[in-house]
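S.K.: With the input below, show me the fold.
(2 chains)
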Amino acid sequence: MTAVLTNLFDGIAYGMLLFVLACGLAVTLGLMNFVNLAHGAFAMTGGYVCAVLVNQFGWPFFAALPLAFISSAVVGIVLERLLYRHLYTRSHLDQVLFSIGLVFMSVAAVDYITGSQRVFIKLPSMLEGQFDVLGVGVGRYRLLIVVICGLLTATLQLVLARTRFGSRLRAAVDDPRAASGLGINVPQVFAFTFAFGCGLAGLGGALSAEILGLDPYFPLKFMIYFLIVVTVGGSSSITGPFLASLLLGIGDVAGKYYVPKMGPFVIYTLMIVILIWRPNGLFGRTAMR
Amino acid sequence: MTAQADIGFHARRHARWHAGEIAFWLLALACAFAFPSRYLIMTEIVRLGLFALSIDLILGYAGIVSLGHAAFFGIGAYSAGLLALHGIINEPLLALIVAGLGAAVLGFATSFLVIRGVDLTRLMVTLGIALLLEALAERYSDITGGTDGLQGIEMQPILGLFAFDMFGRTGFFYSLAALFLLFLLARRVVHSPFGLSLRAIKNNPLRAAAIGIPVHKRLIAIYTLAAFYAGIAGALFTQTTALASLDVFAFERSADLLLVLIIGGTGYLYGGLIGAVVFRMLQELFSIITPQYWQFWIGLVLVVIVMVGRGRLHRWVLWAPNWLIARLGGRKAAVAVPETEGP
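M.R.: Residues are numbered from 1 along each chain as shown, chains lettered A, B, ... in the order given. Prediction:
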């Protein structure tokens, strides 16, 4: 019984991590309808920045996390202004080609700079090991992830639902023309959102080095997971992708634990079935344009 | 001239063989004799060309974007490998067709999933199917050989006459013949009323349905046909290299394939073939510059192509030949300008 609960907890931590990694994509892909397969590259950027800062410059882990966020966000906004914004109105095929190109470039570039081996981030000793809560083993690091990601999710939900920026973003997404007619600077809103999503991915990348493993092939390996979160979760709210990532995380951890031989088979089958059953995602509200 | 007769006239004129096309194939055949030491790489190009031709059928003519075309390539590759390994069908030609049919069956079965939904769903479903097959191939490693791949495949002579030699001479002519025959078939198909209806569907599915085209049936048919082609390409891969490993299903293969087709241009059949030549040469060039990191440059090419715009790029490339034709022939350009994609 406790093994089940431990697995459940690990699954939740994994799912929350996936959510932080993918929620930027939920905006670009889900809301702005831009097929960005290169989202994992931003996560990888953050992860590597954090790894270099901690391992080579001896920064404390907690100080490196914000920098992971910032560096990814900066890379994101530069690329958005330079390249991405020209492609918002182009066909999906163009967007796919472009972002695959970016993925290939990032993989080769990181491989060139740091080598192809897996990178580990030195964690502070207070995050290692696990403690028991009512007999259930809870990893300290995973608990940290749950706390950070939970806070982030709550903040995001609040920002989107309650603040002025949130309503601007929702307006810009629902009808960009009407929104710009009302004086909302739509490109600016999109650029900011894009950068913020990239930053979150970078933070996720830094946090995930311990759990998912960080190597130059990260963007390719986890691309499908990010896509699953967004397409299965739907794009109508932030709750959809959140629930989808929790499901995916718990499902994946449980699958690996109980039917290790089936590997990722279960996840892919489930994804295809769900997409056929509900093409707009499990929690989708409107048709994806 | 009535509108209908007019369209028929144009369709027939497009369907006729042009001098340029005949020259293309003569050139391909000439290469075989001009570079006798390069059979292996030329076989690779022919195989890639066939694979790209297959995705051109669905992307260029029917407008289906697929990220998982390697699924069919892989099925073809493993079918041919298993057929030869266990001596089920020893005749390579027959095994080739059977492998293609195997891929076609999978294509038919999955087409029902693919034709549903919008671009994004299609991307995800095709990608998912390829990943699924890769996971399956890894799982059943007792059949597929897992990460080591199928080993010890020995090919019998084709038709009992032409044995595969170590220089790849037989393999090359075999692949080229297969490509040419399948190209003829594809050419016939896309210039038929069936092919024209596909173009109508690509341009506007709703309107196509309104004028009485059975959209779903047509898409299923072309998807199955494309799967057959990809299966043949995969089987050629196994037969000419005596190898089949997990990477036949890899995502990179599907992604590279899109690049091949985009380099050559979609929707006029030769795009895949020209793209295969250019892609392979680029790959060689990049491996010479930076052996391990050629993928970076491939990625850069993709980004540049998209940023410049595919239509514009093809106009630039075709500018010189068009200018020449206009000068020499004193008539308007006859070189087909590939159509650009709609949004």
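S.K.: rest of the way, CA atoms for contacts and neighbours
M.R.: Will do.
S.K.: distance of B:L159 from A:A43?
M.R.: As judged by C-alpha to C-alpha, to the nearest Å, B:L159 and A:A43 stand 54 Å apart.
S.K.: what bits of the stretch 151-289 of chain A have low per-residue confidence?
M.R.: Applying pLDDT under 70 to the stretch 151-289 of chain A flags the ranges A:235-236, A:263, A:284-289.
S.K.: interface residues of it facing chain B?
M.R.: Within the stretch 151-289 of chain A, the positions adjacent to chain B are A:224, A:227, A:231, A:261-265, A:268-269, A:271-272, A:275-276, A:279 by C-alpha under 8 Å from any C-alpha of the partner chain.
S.K.: Which two of these have the greatest separation?
M.R.: Taking C-alpha to C-alpha as the measure, these reach their widest spread between A:K261 and A:P279, a distance of 28.9 Å.
S.K.: out of these two, which sits in the busier spot?
M.R.: A:P279 (22 against 13; other C-alpha atoms under 10 Å in any protein chain shown).
S.K.: In the stretch 101-250 of chain A, what residue comes closest to chain B?
M.R.: A:G101 (3.7 Å; C-alpha to the nearest C-alpha).
S.K.: That residue: neighbouring residues, count only.
M.R.: With other C-alpha under 10 Å as criterion, A:G101 counts 29.
S.K.: Am I right that it is in contact with B:V301?
M.R.: Yes. Using C-alpha atoms under 8 Å, A:G101 is in contact with B:V301, at 7.4 Å.
S.K.: which of the residues in the helix or strand encompassing B:G311 are buried?
M.R.: Element membership for B:G311, per DSSP states H and E: helix B:310-329. By 16 or more other C-alpha atoms under 10 Å in any protein chain shown, the buried positions in helix B:310-329 come out as B:R310, B:G311, B:L313, B:H314, B:L318, B:N322, B:I325.
S.K.: what's the closest of those to chain A?
M.R.: The closest of these to chain A turns out to be B:R310 (C-alpha to the nearest C-alpha; 8.8 Å).
S.K.: looking at it, the closest one is touching B:I262, isn't it?
M.R.: Yes. Contact criterion C-alpha under 8 Å: B:R310 and B:I262 qualify, at 7.5 Å.
S.K.: Just give the closest residue to B:A209, not the sequence neighbours.
M.R.: Using C-alpha to C-alpha, 6 or more residues apart in numbering or on different chains and skipping residues adjacent in sequence, the residue nearest B:A209 is B:V215, 6.0 Å away.
S.K.: for the one you found, what are its contacts?
M.R.: Counting by C-alpha atoms under 8 Å, 6 or more residues apart in numbering or on different chains, B:V215 touches B:I201, B:P205, B:A208, B:A209.
S.K.: same thing with A:I100?
M.R.: A:L37, A:A38, B:A255, B:G299, B:L302.
S.K.: swap in B:A208?
M.R.: Counting by C-alpha under 8 Å, 6+ apart, B:A208 makes contact with B:S197, B:A200, B:I201, B:V215.
S.K.: Quick one: classify A:V138 as helix, strand or coil.
M.R.: Of the three states, A:V138 takes strand under DSSP: H, G, I helix; E, B strand; the rest coil.
S.K.: Now the residue nearest the centre of chain A: closest residue in space, sequence neighbours ignored.
M.R.: Most central in chain A under C-alpha atoms, centre = their mean is A:L21, positioned 1.6 Å from the mean C-alpha point. Distance criterion C-alpha to C-alpha, 6+ apart; nearest residue to A:L21, sequence neighbours excluded, is A:A201 at 4.3 Å.
S.K.: same thing with B:G171?
M.R.: Per C-alpha to C-alpha, 6+ apart, closest to B:G171 is B:T240, 5.4 Å.
S.K.: Please state the offset of the helix or strand that neighbour falls within from the chain centre?
M.R.: Applying DSSP H and E as the criterion places B:T240 in helix B:215-241. In terms of C-alpha atoms, centre = their mean, to the nearest Å, the centre of helix B:215-241 is set 9 Å apart from its chain centre.
S.K.: Please look at A:N36 and A:V96 and confirm they touch.
M.R.: Yes. Taking contacts as C-alpha under 8 Å, A:N36 lies within contact range of A:V96: 6.8 Å.
S.K.: For the closest residue to chain A within chain B, give me its contacts.
M.R.: Residue nearest to chain A within chain B (C-alpha to the nearest C-alpha): B:G299, separated by 3.7 Å. By C-alpha under 8 Å, 6+ apart, the residues touching B:G299 are A:I100, A:G101, A:L102, A:V103, A:F104, A:M105.
S.K.: Distance check, it against A:I100.
M.R.: On the measure of C-alpha to C-alpha, B:G299 and A:I100 end up 7 Å apart.
S.K.: Please name the nearest non-neighbouring residue to B:D165.
M.R.: B:G171 (7.7 Å).
S.K.: Flag every residue of the stretch 1-150 of chain A that's near chain B.
M.R.: Neighbours of chain B within the stretch 1-150 of chain A, by C-alpha under 8 Å from any C-alpha: A:35, A:83, A:86, A:89-95, A:97-109, A:111-112.
S.K.: make it 7 Å
M.R.: A:R90, A:S91, A:L93, A:D94, A:L97, A:F98, A:G101, A:L102, A:F104, A:M105, A:A108, A:A109 (C-alpha under 7 Å from any C-alpha of the partner chain).
S.K.: Tell me, how many residues neighbour the second one?
M.R.: A:S91: 15 surrounding residues under other C-alpha under 10 Å.
S.K.: So for it, what's the pLDDT?
M.R.: What the model reports as pLDDT for A:S91 is 87.
S.K.: Got phi/psi on it?
M.R.: According to degrees, to the nearest 10, the main-chain angles of A:S91 amount to phi -70, psi 160.
S.K.: Any figure for the gap between it and B:F33?
M.R.: Using C-alpha to C-alpha, A:S91 is found at 42 Å from B:F33.
S.K.: What of B:V118?
M.R.: 47 Å.
S.K.: And those two? Which one has more around it.
M.R.: Using other C-alpha under 10 Å as the criterion, B:V118 and B:F33 rank with B:V118 on top: 16 against 11.
S.K.: before we move on, the earlier item: which residue packs closest to the residue of chain B closest to chain A, ignoring adjacent ones?
M.R.: The shortest distance from B:G299 to any non-neighbouring residue, by C-alpha to C-alpha, 6+ apart, is to A:G101 (3.7 Å).
S.K.: wait, that neighbour sits on B:W297?
M.R.: No. With contact defined as C-alpha atoms under 7 Å, A:G101 does not count as touching B:W297 (8.9 Å).
S.K.: which parts of the stretch 1-150 of chain B sit against chain A?
M.R.: Contacts of the stretch 1-150 of chain B with chain A, taken as C-alpha under 7 Å from any C-alpha, map to B:V65, B:L113, B:G117, B:T121, B:V125, B:G128, B:L132, B:A135, B:R139.
S.K.: give me the number of residues near the residue nearest to the first one when sequence neighbours are not counted?
M.R.: With C-alpha to C-alpha, 6+ apart as the measure, B:L59 is the residue that lies nearest to B:V65, at 5.7 Å, once sequence neighbours are left out. Residue crowding around B:L59 was assessed by other C-alpha under 10 Å; the count is 22.
S.K.: Next: A:S125.
M.R.: 7.
S.K.: quick one, what contacts A:Y217?
M.R.: A:V107 (C-alpha atoms under 7 Å, 6 or more residues apart in numbering or on different chains).
S.K.: And it, its phi and psi?
M.R.: Dihedral angles (degrees, to the nearest 10) for A:Y217: phi -90, psi 10.
S.K.: How about B:G152?
M.R.: Dihedral angles (degrees, to the nearest 10) for B:G152: phi 80, psi 30.
S.K.: what's the spacing between it and B:L93?
M.R.: Taking C-alpha to C-alpha, one finds B:G152 at 19 Å from B:L93.
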